[in-house]
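> build me a model:
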Amino acid sequence: MSSIKDLNVTFEAINEDSSYSEGDTIVGTVSFRLTRDVKVKSLSVKAKGDAKAEWTEGVGECQMTYKTKKRYFKLKEYLIAENGKGTVLPKGAHAFKFSLQIPEGSLPSSFKGNYGKIVYMFEAKISRSCWWSSKVKQKINFISKSFLQFCEKMCPHSGSVSKKMSGRTKGEVHLSATIIRNVSSPGESLSVVAKICNSSSKDMRPKFKLEQRTVYCCQNNTTESAVTLLQMVGGAVSPNSEQTASCQLKIPEDAIPTLHNCEIISVEYYIKVYLDISVTFYPEVVFPLVIIPSRLAAIQFGEAVEPYAPETIEATSYSNFSSPAFPAGIESVPTGSGATPEPIQHDNITSRSYNQWPQGASPQGSSAPAFTSLSVQHPGPTALPHLLQGEQSPLYMSIYHHQNE
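Below you'll find the predicted structure:
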């Protein structure tokens with residue numbers, strides 16, 4: 001029976017959601033209890049960040065598995081250094097402070113999906129000669145700060161497309177769309193406006209859609225899934241008429257942030273504005289959308305951010321073997337031993353109904369058709385339409401014509 005009991009790690013909170021970003025320092029305490037005097041070989045802490053993707057294609061003998069991994073960093077610090085004789089710790093409670101700084105640069109946020117994940121892990125380990133090592137692991141919730149630079153490169157906020165009708169349908173239709181901004185965070189609303197000029201002989205309806213696209217890569221092989229998170233249908237636009245429709249597009253509370261700086265996994269969002277015309281191609285305008293974590297939204301949009309000031313908790317006495325690299329004067333604020341769960345990628349959304357689509361006021365005085373919220377059914381991951389596979393870059397607005405989806 002091991003004489004090492006209650007091995008645990010607590011972190012000092014640096015913000016309200018206990019998350020970390022590039023350049024942050026992970027500060028905390030490793031604590032345990034000894035039932036007798038114990039000679040230890042070393043006590044170390046380690047932090048690392050890894051991305052992994054794996055999926056299988058084909059059936060039977062033609063089945064192929066693709067697997068890849070990317071390591072972003074690995075840090076290690078000895079709280080009790082290794083030496084030939086070992087170090088004897090007395091019976092009783094022990095606590096050692098640690099401090100590890102995450103590297104600067106562009107690191108992807110924590111993520112978990114059907115075919116891959118990005119995990120940041122912390123581990124504390126007690127090594128003993130002729131004994132199994134005792135260790136404890138915790139996941140770290142990591143939020144990349146690289147969103148702030150990425151958002152500055154976003155595309156224009158407006159676009160238009162015209163289409164000449166063919167066959168028995170005569171005339172031409174014109175669709176122009178504007179989005180107030182294409183950077184948002186979960187729970188926020190975006191204003192989208194569409195102006196329709198119907199010079200044809202057919203009725204048509206404006207539609208608004210928010211899509212999420214997730215791509216997993218292994219060398220030159222990819223697999224992907226696309227899901228519609230929101231969809232809205234406007235009223236009919238009669239032949240030889242002109243209307244303007246506006247709406248408030250609310251980002252779902254559980255939408256995960258855009259993932260743009262990982263070579264293995266990417267998550268992108270698109271707002272599509274198009275005209276539903278029976279038995280013909282859809283005129284469509286597509287806006288890429290960046291969803292950033294709520295904690296970074298205030299910084300992105302220029303609002304003042306109050307510094308996080310956790311309540312001071314009086315620290316208990318610590319062992320003389322405390323790490324010399326730990327900065328003096330920092331007060332301990334334990335946050336508990338439970339690991340912060342990593343964001344979940346909803347590749348399979350089975351049913352979702354949204355009723356938060358108010359009728360928008362027409363900015364140009366013309367009547368805005370009433371909108372209907374839809375319940376979106378998803379039997380599972382579906383292949384992305386060909387129109388998205390041909391895109392050159394999510395940083396540029398694209399205009400597509402495609403058939404009835």
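> give me the sheet partners of the host helix or strand of residue 213 and which way each runs.
For residue 213, the host element (DSSP states H and E) is strand 205-218. Strand 205-218 pairs in its sheet with strand 221-233 (antiparallel), strand 265-276 (antiparallel), by DSSP bridges.
> please enumerate the helices of the chain.
With DSSP state H as the definition, the chain shows helices at residue ranges 147-151, 294-300, 386-389.
> average pLDDT across the last one?
If I follow you right, that is helix 386-389. pLDDT averaged over helix 386-389 equals 32, rounded to a whole number.
> what do you get for stretch 171-178?
Taken as a whole, stretch 171-178 carries a mean pLDDT of 88.
> which sections of the chain are below the confidence cut-off?
Counting by pLDDT under 70, the chain has low-confidence residues at 148-156, 159, 163-169, 279-281, 297-405.
> try 50 this time
Residue ranges of the chain with pLDDT under 50: 302-405.
> is it true that residue 241 touches residue 198?
Yes. The criterion here is Cβ atoms under 8 Å, and residue 241 meets it with residue 198 at 5.6 Å. For glycine as for every other residue, the C-beta is placed from the backbone atoms N, C-alpha and C.
> so these two - more neighbours on which side?
residue 198 (23 against 14; other Cβ atoms under 10 Å).
> show me the contacts for that one.
Residue 198 makes contacts with 171, 173, 204, 237-243, as judged by Cβ atoms under 8 Å, 6 or more residues apart in numbering.
> with residue 110 instead?
With Cβ under 8 Å, 6+ apart as the criterion, the residues that contact residue 110 are 118-120, 139-143, 342-343.
> any idea how far residue 86 is from residue 69?
Distance from residue 69 to residue 86, counting by Cβ to Cβ, to the nearest Å: 35 Å.
> same check on residue 260?
As judged by Cβ to Cβ, residue 260 and residue 86 stand 48 Å apart.
> which one's more surrounded, these two?
Neighbours per residue (other Cβ under 10 Å) separate residue 260 from residue 86, with residue 260 holding more: 19 against 16.
> quick check: the more buried one touching residue 266?
Yes. Distance between residue 260 and residue 266: 6.4 Å, which falls inside the contact criterion (Cβ under 8 Å).
> hmm, back to that, from the contacts of residue 198, which is closest to residue 54?
Nearest to residue 54 among the contacts of residue 198, counting by Cβ to Cβ, is residue 204 at 44.1 Å.
> residue 257 versus the closest one, what's the distance?
Residue 204 sits 35 Å away from residue 257, taking Cβ to Cβ as the criterion.
> what do you get for residue 36?
49 Å.
> neighbour count: the two, which is higher?
The neighbour count for residue 36 versus residue 257, taken as other Cβ under 10 Å, is higher for residue 257 (23 against 9).
> for that one, which residues are in contact?
Taking Cβ under 8 Å, 6+ apart as the contact definition, residue 257 lies against 109, 143, 147, 267, 291-293, 343.
> okay, stretch 21-37 in PDB with CA atoms only?
Output in PDB follows, covering the C-alpha atoms of stretch 21-37 (Å, rounded to 0.1, in the frame of the first residue of the first chain):
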ATOM      1  CA  SER A  21      -3.500  32.000 -23.000                       C
ATOM      2  CA  GLU A  22      -0.200  32.500 -24.600                       C
ATOM      3  CA  GLY A  23       2.400  33.900 -22.300                       C
ATOM      4  CA  ASP A  24       0.400  33.300 -19.100                       C
ATOM      5  CA  THR A  25       2.000  31.700 -16.100                       C
ATOM      6  CA  ILE A  26       0.500  28.600 -14.500                       C
ATOM      7  CA  VAL A  27       0.900  29.100 -10.700                       C
ATOM      8  CA  GLY A  28      -0.400  26.600  -8.100                       C
ATOM      9  CA  THR A  29       0.400  24.100  -5.500                       C
ATOM     10  CA  VAL A  30       1.100  20.400  -5.400                       C
ATOM     11  CA  SER A  31       0.000  18.900  -2.100                       C
ATOM     12  CA  PHE A  32       0.000  15.400  -0.600                       C
ATOM     13  CA  ARG A  33       0.200  13.500   2.700                       C
ATOM     14  CA  LEU A  34       2.700  10.900   3.900                       C
ATOM     15  CA  THR A  35       1.800   8.200   6.300                       C
ATOM     16  CA  ARG A  36       5.500   7.700   7.200                       C
ATOM     17  CA  ASP A  37       8.900   9.100   6.400                       C
END
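> buried ones in that stretch?
Using 16 or more other Cβ atoms under 10 Å as the test for burial, stretch 21-37 gives 21-22, 24, 26-32, 34.
> what's the answer for stretch 208-226, then?
Neighbour counts over stretch 208-226 (16+ other Cβ under 10 Å) mark 208-218, 223-226 as buried.
> how far away is the closest residue in space to residue 6 that isn't next to it in sequence from residue 117?
Beyond its immediate neighbours in the sequence, the residue positioned closest to residue 6 (Cβ to Cβ, 6 or more residues apart in numbering) is residue 33, lying 4.8 Å away. With distances taken as Cβ to Cβ, residue 33 is found 33 Å from residue 117.
> so residue 262 sits right up against residue 52, yeah?
No. With contact taken as Cβ under 8 Å, residue 262 and residue 52 are classed as non-touching, separated by 10.7 Å.
> shared neighbours, these two?
Between them, residue 262 and residue 52 have 70, 118 as joint contacts when contacts are counted by Cβ under 8 Å, 6+ apart.
> quick one: which of the two has more around it?
Counting neighbours by other Cβ under 10 Å for residue 262 and for residue 52 shows that residue 262 has the greater number, 21 against 17.
> distance check, the more buried one against residue 161.
Residue 262 sits at a distance of 32 Å from residue 161 (criterion: Cβ to Cβ).
> returning to that earlier point: so which of the buried residues of stretch 21-37 comes closest to residue 58?
Scanning the buried residues of stretch 21-37 for proximity to residue 58, where the rule is Cβ to Cβ, the winner is residue 22, at 39.0 Å.
> this completes my enquiry, with thanks.
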